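K.L.:
mind folding the following:
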Amino acid sequence: MPSTKRQILPSYVLKQRQSLPLDCKVELSLRRIRDWIEHWHGLVSVSVSGIDSLVTLDLVHRVRSDIPAVFSDTGLEFPEISTFFRARPDIECVRPDKTFRSVIEEDGYPVISKRVSRYIWDLRRPEGVNDATKNLRRTGMNRAGIFCPSMKLSKKWRFLVGAPFKISDKCCYWLKKKPLSDYAKRTGRKPILGVLLEESSDRERIYKQQGCNAYNSKTPTSWPIAFWTKADVWEYARQQGLEYPCIYDMGYTRCGCVFCGFGAHMEKQPNRFQRLKQTHPKLWKYCMDKLGLRDVMAYIGVPVGALQPRKRIGRR
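P.N.:
Residues are numbered from 1 along each chain as shown. Below you'll find the predicted structure:
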């Protein structure tokens, strides 16, 4: 049985794993998958949403072909993504209880990052509610008087506290995490996810604490290809001749939720919304005009139409 002792993975070990040739990465990932399946006596599943998870599913099926897959059809997927997974009889589709419109109306828009959106949501809570958390977000000082810089909202984004629209990190929970969590509770299966560390500094931090397989986490989860790069993913997909949604052949490198604003401010032009206008004009018009993303992105300084000179984003 794998050790469940909590350890901190040194940065140099992670860099070594990330620098391995693909065939070595494959073998290491297969070992982690075998460990996960054996530990949970086969009661596991693979959550699929795009090319990274399709590669993960292929690896899992090399170990055991009867492991099921589940797709959270959030209603925010590119039509090419949802059509691809709904057409697979071997993949179960689950749906959220809420729509994106209801989430942004009740909680707020997802902008900048999950962390920034959460901090802004905390700061905009009514007076007298979670005052200690608000102080932490403003100053970085916790209840014990210890300075925690990562818990403080950066000055760069403080202007968003006064934005004329709601902001929160709740979208991912309601539309993706909760449906998959409900599936896990219903089936008892522990999830395997195709996430990459290179896409998130938060993921890297978590990975250093738990490695690929988080047996003792509040929500036990396996990330068997976390240390791969996107180039590794595509090389493996080509080697194995994997089928994938055609959206990737339309210039998109990441195909998450269509209307998500996380990370949009960091993209070079044409960004995701500018590309969406070209490839899916009806979807673009709907999210800009019906869902209000035109005004939200304008407030942040992210162009959504024609290519424009880069504007400075930050404190107002």
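K.L.:
helices along this structure, start to end?
P.N.:
For the chain, applying DSSP state H gives helices covering 11-18, 22-39, 51-63, 79-86, 100-106, 114-123, 131-139, 170-172, 178-187, 201-210, 230-240, 272-279, 281-285, 293-300.
K.L.:
can you put the ones you listed in a markdown table and add mean neighbour count and mean pLDDT?
P.N.:
Placement of C-beta: from N, CA and C, glycine included. As requested, those are exported to a markdown table (neighbours: other C-beta atoms under 10 Å; pLDDT from 0 to 100):
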| stretch | mean neighbour count | mean pLDDT |
| --- | --- | --- |
| helix 11-18 | 13 | 91 |
| helix 22-39 | 18 | 98 |
| helix 51-63 | 21 | 98 |
| helix 79-86 | 18 | 96 |
| helix 100-106 | 17 | 97 |
| helix 114-123 | 21 | 97 |
| helix 131-139 | 15 | 96 |
| helix 170-172 | 22 | 95 |
| helix 178-187 | 16 | 96 |
| helix 201-210 | 15 | 88 |
| helix 230-240 | 16 | 97 |
| helix 272-279 | 17 | 95 |
| helix 281-285 | 13 | 97 |
| helix 293-300 | 19 | 97 |
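K.L.:
adding distance to Asn216, write the ones you listed out as CSV.
P.N.:
As requested, these are exported to CSV (distance: least, C-beta to C-beta, whole Å):
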stretch, distance to Asn216
helix 11-18, 20
helix 22-39, 11
helix 51-63, 21
helix 79-86, 31
helix 100-106, 31
helix 114-123, 23
helix 131-139, 26
helix 170-172, 23
helix 178-187, 16
helix 201-210, 8
helix 230-240, 28
helix 272-279, 36
helix 281-285, 41
helix 293-300, 38
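K.L.:
any idea of the pLDDT on Pro309?
P.N.:
We have a pLDDT of 66 for Pro309.
K.L.:
average pLDDT for stretch 90-97, rounded please.
P.N.:
Regarding stretch 90-97, the rounded mean pLDDT is 96.
K.L.:
hang on, I meant stretch 142-149
P.N.:
94.
K.L.:
let's see that stretch as CSV, backbone CA atoms only.
P.N.:
Taking C-alpha atoms only, stretch 142-149 is exported to CSV below (Å, rounded to 0.1, in the frame of the first residue of the first chain):
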residue,chain,number,x,y,z
ASN,A,142,-4.0,36.7,10.2
ARG,A,143,-5.7,36.3,13.6
ALA,A,144,-2.4,35.4,15.3
GLY,A,145,-0.7,38.5,14.0
ILE,A,146,1.4,36.6,11.4
PHE,A,147,1.9,38.2,8.0
CYS,A,148,0.7,35.9,5.2
PRO,A,149,1.4,37.8,1.9
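K.L.:
thinking again about what came up before, to Thr219, which of the helices of the chain lies closest?
P.N.:
helix 178-187 (7.4 Å; C-beta to C-beta).
K.L.:
packing partners for the closest one?
P.N.:
Where contact means 3 or more C-beta pairs under 8 Å, 6 or more residues apart in numbering; DSSP states H and E, helix 178-187 is packed against strand 44-48, strand 69-72, strand 91-94, strand 190-193.
K.L.:
reformat these as JSON lines; add distance to Pro270 and mean neighbour count.
P.N.:
What follows is the helices and strands packed on helix 178-187, written out as JSON lines (distance: least, C-beta to C-beta, whole Å; neighbours: other C-beta atoms under 10 Å):
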{"stretch": "strand 44-48", "distance to Pro270": "27", "mean neighbour count": "24"}
{"stretch": "strand 69-72", "distance to Pro270": "27", "mean neighbour count": "22"}
{"stretch": "strand 91-94", "distance to Pro270": "31", "mean neighbour count": "16"}
{"stretch": "strand 190-193", "distance to Pro270": "29", "mean neighbour count": "22"}
